[in-house]
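Chemist: model the structure of this input:
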Amino acid sequence: MRLPRPQLPFRVRSFDTAWASIVGFWLLYFVVNTVRAIAVAHPRQWEMMGRRALIILLMMGVTWAVHRFLKRMVGSLQRSVVAAAAIALPAALAYASLNAFVLALPITVHDGRRVPGQAWGCPRVERTTAGVSAGDGLALSQVNCDPESLAEQIIVTTADGYFLFIAWSALYLALQYAGEVRILERRGAELRAAAQSAELRALRYQVNPHFLFNTLNSLSSLVMTGRLQAAERMIANLSTFFRTSLGGDPTQDVTLSEEIALQRLYLDIEAVRFPERLIVDIDVPPELGSARVPGLILQPLVENAVKHGVSKTSRPVTITLRADVAEAMLRLSVDDDGASVDRGGAEGTGVGLRNVCDRLAARYGDAAGCRWVRRPRGGFRVEIVLPLARHAW
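Modeler: Model (predicted):
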C-alpha cells in the first residue's frame, strides 16, 4: 500500500507567495512614481514611463534573486531578518546602478533628435552652434558630469533602494510566516480532530466489552440451568446486536430510530435473563426518529438500569426510554422504577454514566450535558441533552 505523500512545508512551497509579493510590490512602486510624475507635469512622460517600466522589470529580477537567497537562509525569524538586512545592500547598489544606466540612455527632444540622457548628478550645459539660436540649444545639448555629484546621487539612490528592499523583505517574511502559522493552525486542528476521534472510538469500544461480559455470564447461567432454547435465542440476538453496533463508524452519528432499535435488541437479550421482571416502555415521537445522536449513546444507561434496577429487584421493573425537544435541544432519558439503593452516581457506574458524559463532552463540548436524579417513588432517571440535528436525506 502506498503511503500518502506528506505536505511540503511552507518555505518549500513559497514560489507563488514570492512572485505575488514581488509583482505586487514593484507594480505599486511603478504606479506611485508614474502618478507623481504626472502630477508634477514631468516632460516626456511616455518615454520616461517606458524607462520606468524597464527598471521595474529589472528590479523584479533582482528581487527574485534576493528571494532565492532568503529561501536558502531557512531558520529562525531573527536569522531571516539579519539575512534580509545583509542582502538588501547589494540589491540596493544594483537598483542605483540600473537607474543611472537606464536614465542616461539617449532621449528624444522636440526636433526629433536624440541626445544623451541626463544622468543623476550631471548638470546639463547648453552649447549652441552657428546657425542655431540659443532657444534651440537643447537640440545640441551635452551632458557634463561632475563625478562627485554623480557619486553623491548614487549613494542617495542606494539608500532609497535599501529601504525599498527592506520593505519588500518585511512584506515577504510576514507573508511567509503568516502562511506557516496557518499551516500550523490547520495541522493543530487536524491533530485535535484526530485526538477527539480516537477518544470517541476508545469510549465507544469501552461499552462493548462491558456488555459482552455481562451477557456471557447470563448465557453461561442459561446453559448451566438447561435452558438451551433460551440460550440459542440469546446467542442469535447477541450476534445481531454486535453485527449492528460494530458495523458502523464509532465517530459517526446515527438516527434516533436506529439507536432505539438497537436498544430494543439489547433489551430483548436481557429479557431472556429476566422474562418475568423486565418491562420495556418506549416513548419516542415519530417526528424525532430522524434526529442524529451518537451511536450507542443510550446503551450504557439502559445497561445500568437493568443492572441496578432489574437485577436487584424481585418484582417487575419498567424501563422507560423517552425523547422530546426543549428549547431546540434534544432531550433523551432512561428511567427505571427499580430498587432505590444508592448507585454511587457517576462515580459508581464505571463505564456507564461516566462514559456517556465523556462522549458528549468530546463530541459537543459545553453544548451538551447529562445528569441523574433519584425518582421519588423508587428508581433512577438519567437524562442527557444535546443539540437537535436532523438526518439529511
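
Chemist: what segments of this protein are strands?
Modeler: Under the criterion DSSP state E, the chain contains strands at 107-108, 114-115, 124-125, 142-143, 253-255, 278-283, 292-294, 317-326, 329-336, 369-374, 380-387.

Chemist: which of these sits closest to residue 90?
Modeler: Taking Cβ to Cβ, strand 142-143 is the member of those nearest to residue 90, at 27.5 Å. Heads up, the C-betas are built off the backbone N, CA and C, glycines and all.

Chemist: one step back: looking at the strands of the chain, which is closest to residue 217?
Modeler: strand 278-283 (16.3 Å).

Chemist: can you list the strands that the closest one pairs with?
Modeler: Using DSSP bridges, strand 278-283 pairs in its sheet with strand 317-326 (parallel).

Chemist: neighbours of the closest residue to residue 169 other than its chain neighbours, how many?
Modeler: Closest residue to residue 169 apart from its sequence neighbours, by Cβ to Cβ, 6 or more residues apart in numbering: residue 84 at 3.6 Å. Neighbours of residue 84 under the rule other Cβ atoms under 10 Å: 21.

Chemist: surely residue 84 touches residue 162?
Modeler: No. Checked against Cβ atoms under 8 Å, the pair residue 84 and residue 162 is beyond contact range at 10.9 Å.

Chemist: before we move on, back to that, make CSV out of the strands of the chain and add distance to residue 354.
Modeler: Below are the strands of the chain laid out as CSV (distance: least, Cβ to Cβ, whole Å):
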stretch, distance to residue 354
strand 107-108, 86
strand 114-115, 90
strand 124-125, 91
strand 142-143, 90
strand 253-255, 21
strand 278-283, 24
strand 292-294, 15
strand 317-326, 20
strand 329-336, 15
strand 369-374, 9
strand 380-387, 12
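
Chemist: possible to save those strands as a markdown table with mean pLDDT?
Modeler: Below are these laid out as a markdown table (pLDDT from 0 to 100):
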| stretch | mean pLDDT |
| --- | --- |
| strand 107-108 | 52 |
| strand 114-115 | 48 |
| strand 124-125 | 42 |
| strand 142-143 | 40 |
| strand 253-255 | 90 |
| strand 278-283 | 96 |
| strand 292-294 | 92 |
| strand 317-326 | 95 |
| strand 329-336 | 95 |
| strand 369-374 | 90 |
| strand 380-387 | 94 |
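
Chemist: all helices for the stretch 1-150 of the chain, in order.
Modeler: Ranges of helices within the stretch 1-150 of the chain are 15-39, 45-72, 77-103, 147-224, based on DSSP state H, counting those that start in this stretch.

Chemist: identify the residue nearest residue 265 in space, chain neighbours excluded?
Modeler: The spatially closest residue to residue 265, leaving aside those adjacent along the chain, is residue 241, at 5.0 Å (Cβ to Cβ, 6+ apart).
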